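J.: Sequence and predicted structure below; questions after.
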Amino acid sequence: MAFKLASSPHLRVKLQTQTVMRRVIMCAVPGIAVQSYFFGFGVLVQILLAVSVALAAEAAVLALRKRAVLPTISDNSAVLTAILLAVAIPPIAPWWLVVIGTLFAIVLVKQLYGGLGQNIFNPAMAAYVMLLISFPVQMTSWSIPSVIAQNPMDLNLTLQAIFGSMSAEQLKQYKLGFDGIAMATPLDTVKTDLALGLTMTESLAKPAFADGFGVGWFWVNMAYLLGGLVMLKLKVIRWQISAAILGSLFICSSFGYLLSPDTHVGPLMQLFSGATMIGAFFIATDPVTAATSVRGRLIFGALIGVLVYVIRTFGGYPDAFAFAVLLANLCAPFIDYYVKPRTYGHRTGH
Amino acid sequence: MSDFKEVAKQGLWKNNPGLVQLLGLCPLLAVTATLTNALGLGLATMLVLIGSNILVSLVRDFVPKEIRIPVFVMIIAALVTTVQLLINAYAYGLYLSLGIFLPLIVTNCVIIGRAEAYASRNNVVKSAFDGLMMGLGFTLVLCVLGASREILGQGTLFYGADQLLGEWAKSLTIHIWQVDTSFLLAMLPPGAFIGMGLLIALKNVIDQYIANKQPKVAQEAPARARITKVN
């Protein structure tokens, strides 16, 4: 009887890319559900659109590159990228926005660099930044949370807005005034108000901030936090990046808030508004573009947290997560180069 | 005659200053937001390139090797100033829209590169032809990039052509499609970089296609390496 000889490790965790990606997607479901509760069916329509475009684009590029199409497509990474991009886009944005974004993410950012595992930048975030720079108006008009909108959009109206059968005039009418369908995100509103010379207290008195964080956004963030904690429990992600992001963002914003509470967004609102939770748990933890060692991940996360604070406070754009993640992506190889784990058996001094 | 054919081939395709030598990237990326700008800068660069190649080739026997670069630079600077004044006089609108990139032609590496690599070693006629072909190659790349960025960005072609060619050219402007919102990325520098990368990729694809189509030359079996000396 012949024994098969194999070198260690002998016990392997059979966690394949496909499984990891599927778990991440499952964990994003509560967040997506809450988001579509508050912001309408548009969220789901955008996701459907993005996923189908992403799969088609990935298949096309793989065929062009003469790679096996089916195994790569079924690793779910394109689906995840599409979902992350779609939830970052305003739910009533026109259809071509998400199509251009997804094509950019899959074809240019991911496949041109060699596909999954080779891309330098997080595809979803690179595409988001591209869209934000190219189409600032469409990218900053979010739908009004259904709980405070006077005439919330039904599915039919949403589809009309997305697929352009609603005339420009009609859309403009909806966007004007508070009974419209679109408004700036809470962080955007605060930024505009601060620039106008209002204080935080005055800004927060608006009805969009009825619960103190911006209606809807708090619960969206809570849902993504829940999904993130489940991912931690399932060991899909490690804790370092998320903890470092939230920690450094909290410390920085507390510092600013203590110095001048009237001109700074408070730490809790920083943590529970905008893209903080989905960014910290779902986007920054992308294993391809993040730093790899334990200490490296802590530095990577802390860098993102600081950048988010700096860009949100002093930058020109309402939210900062995409920019912060891309900048940190750039630093990841550098961090990995200098922060190498000690080889087992080596003394710490050397 | 085959010499000239080779020079043309080098300038337009094989050794294209924009796509292969990657020289003069700064103006290439900065002013190609519209076809008009691209064409204007391309023509200006081509004029300077031809002029500098002729002059450098004329003085090549009298300039000591040690100080040739300063001499070349002075020739180029004089020519750029001339072209700048010409454009200022006859195409003021274009002069304004090209801005700093017009005087910056003097720093364009294509020009000093051709002066050093070609004109200082060849006779006047050949040098002038090389200048023309290199300039044409550069202009073509500028125009392709400018046209694609303009179409993607604002859906027009030859917008503002009257600035370059005079009043009659207003009718040249073509509206490919009407866009409510311009695609800003194509107009901004990142769009230029991405477009440039795609153009280079396209050239490589075409080269590869041509190479594949060519009948394969049967490779001779490599001669056995000689290990010991035979005496």
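T.: Cool, the structure landed.
J.: tell me the strands in chain B, going along the chain?
T.: Remark: strands assigned in chain B by DSSP state E are B:156-157, B:174-175.
J.: what's around A:Met139, how many residues?
T.: Using other Cβ atoms under 10 Å in any protein chain shown, the number of residues around A:Met139 comes to 21. For glycine as for every other residue, the C-beta is placed from the backbone atoms N, C-alpha and C.
J.: Need the winner for burial among the strands of chain B.
T.: strand B:156-157 (a mean of 19; mean count of other Cβ atoms under 10 Å in any protein chain shown).
J.: Determine the set of other helices and strands touching that one.
T.: Packing contacts for strand B:156-157, counted by 3 or more Cβ pairs under 8 Å, 6 or more residues apart in numbering or on different chains; DSSP states H and E, involve helix B:124-154, strand B:174-175.
J.: Buried residues, the first one. List them.
T.: Buried residues in helix B:124-154, counted by 16 or more other Cβ atoms under 10 Å in any protein chain shown: B:126-154.
J.: what's the average pLDDT for it?
T.: Mean pLDDT, helix B:124-154: 88.
J.: which residue is nearest the centroid of the chain?
T.: This is for chain A. A:Gly279 (4.4 Å; Cα atoms, centre = their mean).
J.: hm, I was asking about chain B
T.: Looking at chain B with Cα atoms, centre = their mean, the centroid-closest residue comes out as B:Phe138, 1.5 Å off.
J.: Excluding chain neighbours, what is closest to that residue?
T.: B:Pro17 (4.7 Å; Cβ to Cβ, 6 or more residues apart in numbering or on different chains).
J.: what's around the one you found, how many residues?
T.: Neighbours of B:Pro17 using other Cβ under 10 Å come to 29.
J.: show me the contacts for it.
T.: Applying Cβ atoms under 8 Å, 6 or more residues apart in numbering or on different chains, we find B:Pro17 in contact with B:11, B:23-24, B:110, B:113, B:134, B:137-138, B:141.
J.: just those residues now: which is nearest A:Pro90?
T.: A:Pro90 has its nearest neighbour among the contacts of B:Pro17 in B:Val141, at 37.5 Å by Cβ to Cβ.
J.: Just the closest of the contacts of B:Pro17 to chain A, please.
T.: B:Val141 (20.4 Å; Cβ to the nearest Cβ).
J.: For the closest residue to the closest one other than its chain neighbours, grab the count of nearby residues.
T.: The shortest distance from B:Val141 to any non-neighbouring residue, by Cβ to Cβ, 6+ apart, is to B:Gly18 (3.3 Å). When neighbours are defined as other Cβ under 10 Å, B:Gly18 has 25 of them.
J.: next one: B:Gln214
T.: Other residues close to B:Gln214 by other Cβ under 10 Å number 7.
J.: quick one: it from B:Met196, how far?
T.: Relative to B:Met196, B:Gln214 is positioned 28 Å away (Cβ to Cβ, to the nearest Å).
J.: same deal with B:Met187?
T.: Taking Cβ to Cβ, one finds B:Met187 at 14 Å from B:Met196.
J.: Tell me the confidence at B:Gly24?
T.: 76.
J.: no no, A:Ser165
T.: On pLDDT, A:Ser165 comes in at 58.
J.: With B:Ser57 instead?
T.: 91.
J.: Quick check, it in contact with B:Asp130.
T.: No - here B:Ser57 does not reach B:Asp130: they are 9.1 Å apart, not a contact under Cβ atoms under 8 Å.
J.: shared neighbours, these two?
T.: B:119, B:122.
J.: Tell me which stretches of chain B form helices.
T.: B:2-9, B:25-30, B:35-59, B:68-90, B:92-98, B:109-117, B:124-154, B:161-165, B:184-187, B:189-213 (DSSP state H).
J.: do the same with the stretch 151-300 of chain A
T.: Here the stretch 151-300 of chain A has its helices, by DSSP state H, counting those that start in this stretch, at A:155-163, A:168-175, A:186-195, A:200-204, A:217-233, A:239-259, A:267-272, A:276-278, A:294-314.
J.: Just name the most buried of those helices.
T.: Comparing those by mean count of other Cβ under 10 Å gives helix A:276-278 as most buried, with a mean of 26.
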